[in-house]
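**Q** coords below, sequence missing:
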């Protein structure tokens, strides 16, 4: 399920190469993978998604969140957000890590805690695991 955080940012669970044409048609120009490879049996690798993204003219970044969100993860997410010319879709297993990483990145860009909380809660995610980072 794809959820909208703001007018430029979407998050979702695992995507597949076959999903990319529809994502591109919806205005997505940047794909960010927040999953480490091999997290679940049978998941497409980041390289597979990257290859398919390139075939469809989409930018791709791999920012795997493994054991919590660190400063380098936040910086990489901010860079992807800044580089996206259209919408950005970040994905992980459920969308949760992607939403939380986006929240910390947006706070670092100056968004208010209230704005972030409204977006993340409105998309059905719990901000409390990263509240200390906001």
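**A** Arrived safely. Because the structure is predicted, anything quoted here is derived from the model rather than measured.
**Q** State the helix or strand in which the residue most central in space within the chain lies.
**A** Central residue of the chain (Cα atoms, centre = their mean): residue 90, 2.0 Å from the mean position. Residue 90 belongs to strand 87-91 when assigned by DSSP states H and E.
**Q** All the helices of this structure, in order from the start?
**A** For the chain, the helices defined by DSSP state H cover 20-25, 46-55, 71-83, 96-108, 113-122.
**Q** Can you add mean pLDDT and give those back as CSV?
**A** As requested, the helices of the chain are exported to CSV (pLDDT from 0 to 100):
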stretch, mean pLDDT
helix 20-25, 96
helix 46-55, 97
helix 71-83, 95
helix 96-108, 96
helix 113-122, 96
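**Q** Which stretch among these approaches residue 133 most closely?
**A** helix 96-108 (4.8 Å; Cβ to Cβ). Just so you know, the C-beta spots here come from the backbone N, C-alpha and C atoms, and that holds for glycine as well.
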